[in-house]
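Engineer: next input, structure requested:
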Amino acid sequence: MPGPAPASDGRQRASAAFSLSCLSLVFSVTAFSSSYWCEGTRKVAKPFCKGQSKGERCIRFNSPDANSSNAVQYIWETGDDKFIDRRFHAGIWHSCEEVINGEGEKCRSFISLTQAADRGVLWLSIVAELLYIILLVTGVILMSVEMCYCSTVIDGLKLSAFSALLTVLAGLLGMVAHMMYTTVFQMTVNLGPEDWRPHTWDYGWSYCLAWTSFACCMAAAVTTINKYTKTLLEFKHKREMLERSIRIECNFPAQAGPEKACNVYVNSFCSSTEDPARPVQSLRHLATISVL
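Structural biologist: You can find the predicted model right below:
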C-alpha cells in the first residue's frame, strides 16, 4: 500500500533531526567543559637529581659530595640531553601540564595566559559557545514538542520552521566560536608567557568533538528544513486536489473556490494517508455552506 509512506517518511525525518540535534548538544557540552582542545609538549630544562633520584628525567652530578659548595660539579649532558619534553593540554578554561618529579598535573587558567588584547576575543568565543548550546537546547525542545504534542499540520509547520531557524543560527554561532578560539590559541602560542609556550602542539579530541557537534547541528538543520519544505509542498498539493475535487463534484464556478470547506477540513491532512479526492462526499455539505 503506497498510502502510509508520506506520514512515515515525515516521522523518520523528524526522528533523524531530533537525534542529530541531541548528539550535537552532547558533543558541544562535552567539548566546552573539557581541556583537550589542543595538546602538545613543552621543552623544559631537566632539574638536578636530589638524593637517590635516578633516571633520565633529572641531571646527575659527577661528584658524590653534592652538598659541598666547594665541589666543582660537571654536567656531562649537553645539547638536547639537558632538556625534557613535558606534555600539556589546553582548553577554553584551563591549561594543564604534567609534573616532572611527581604524579598528576599542574593547571592554570587559560584566560590568564592570553594577551590582554586577545581576551576580548576569547570572551566573545565563550559567549558564542554558550549561545550555541542554549540554541541547541531550544531546538531540541521544539523538535520534541513537535514529535510528541503536535496535533495539526499548521502547528507542526510552525514548530519545524522555528526549530530549523534556531538550529541554523546555532551552527553559525558554533562555527564562529570555534574559529575565534583557534585564533586566540595561536596568538597565545606566539605571544604568551615564556613558561607556557609549547614546543610542539596539535589539536586534541575536544576540538574534533566540537567540530563534529557543528556537523551534526548543520545536518539536523538541513533535515528539518527538508522536512518542512516537503510537508509544505504536500500540504499545498493536497489542498489543490481537494479544491479541484469539490469544484467538480459541487459544480462551483471557475472564479469561486471552496476555500471555506478546505479550511474546515485542512487539519485532517496531518495524519491522512488516503487519496485527497475521496473525502469529497463528506465535505459536500461544507461546500454548500460556503456557496451560501
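
Engineer: only C-alpha atoms for contact and neighbour calcs from this point on.
Structural biologist: Noted.

Engineer: list the buried ones in stretch 131-148?
Structural biologist: By neighbour count on 16 or more other Cα atoms under 10 Å, the buried set for stretch 131-148 is 131-133, 135-144, 146-147.

Engineer: apologies, that question was intended for stretch 222-242.
Structural biologist: Neighbour-count burial for stretch 222-242 [16+ other Cα under 10 Å]: Val222, Thr223, Thr224, Ile225, Asn226, Lys227, Tyr228, Thr231, Phe235, Lys238, Arg239, Leu242.

Engineer: try stretch 33-45
Structural biologist: Across stretch 33-45, burial judged by 16+ other Cα under 10 Å covers Ser34, Ser35, Tyr36, Trp37, Cys38, Glu39, Gly40, Thr41, Arg42, Lys43, Val44, Ala45.

Engineer: now the helices for this protein?
Structural biologist: For the chain, applying DSSP state H gives helices covering 5-33, 110-113, 119-149, 153-191, 205-250, 259-265, 280-291.

Engineer: what's around the residue nearest to Met143 when sequence neighbours are not counted, how many residues?
Structural biologist: Closest residue in space to Met143, ignoring its immediate chain neighbours: Phe18 at 6.1 Å, by Cα to Cα, 6 or more residues apart in numbering. Using other Cα atoms under 10 Å, the number of residues around Phe18 comes to 23.

Engineer: measure Phe18 to Val26 for me?
Structural biologist: Applying Cα to Cα, to the nearest Å, the value for Phe18 to Val26 is 12 Å.

Engineer: overlap in contacts of those two?
Structural biologist: In terms of Cα atoms under 8 Å, 6 or more residues apart in numbering, Phe18 and Val26 are not both contacted by any residue.

Engineer: related to what we said a few turns ago, closest one to Thr212 out of the buried residues of stretch 33-45, please.
Structural biologist: Checking these against Thr212 with Cα to Cα, the nearest one is Trp37 at 12.9 Å.

Engineer: pLDDT wise, what is that closest one at?
Structural biologist: Looking at Trp37, its pLDDT is 94.

Engineer: ok so, going back, wait, the residue nearest to Met143 touches Ala219, no?
Structural biologist: No - using Cα atoms under 8 Å, Phe18 makes no contact with Ala219, being 10.5 Å away.

Engineer: what do these two both touch?
Structural biologist: With Cα under 8 Å, 6+ apart, Phe18 and Ala219 have no common neighbours.

Engineer: and the chain, what are its domains?
Structural biologist: For the chain, automatic domain parsing gives the domain ranges 5-58+76-230, 231-291.

Engineer: just name the most buried of those domains.
Structural biologist: Comparing those by mean neighbour count (mean count of other Cα atoms under 10 Å), domain 5-58+76-230 comes out on top with a mean of 18.

Engineer: by mean pLDDT, show me the worst of the helices of the chain.
Structural biologist: In terms of average pLDDT, helix 280-291 trails the rest of those, at a mean of 46.

Engineer: rewinding a little: closest to Gln115 out of the buried residues of stretch 131-148?
Structural biologist: Distance to Gln115 across those (Cα to Cα) is lowest for Leu131, with 24.2 Å.

Engineer: any idea how far Leu169 is from the closest one?
Structural biologist: Relative to Leu169, Leu131 is positioned 10 Å away (Cα to Cα).

Engineer: now do Val140
Structural biologist: With Cα to Cα as the criterion, Val140 and Leu169 are 14 Å apart.

Engineer: redo the helices of the chain as JSON lines? Include distance to Gly104.
Structural biologist: Shown next, in JSON lines, are those (distance: least, Cα to Cα, whole Å):
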{"stretch": "helix 5-33", "distance to Gly104": "19"}
{"stretch": "helix 110-113", "distance to Gly104": "18"}
{"stretch": "helix 119-149", "distance to Gly104": "27"}
{"stretch": "helix 153-191", "distance to Gly104": "23"}
{"stretch": "helix 205-250", "distance to Gly104": "20"}
{"stretch": "helix 259-265", "distance to Gly104": "69"}
{"stretch": "helix 280-291", "distance to Gly104": "76"}
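
Engineer: many thanks, I have nothing further to ask.
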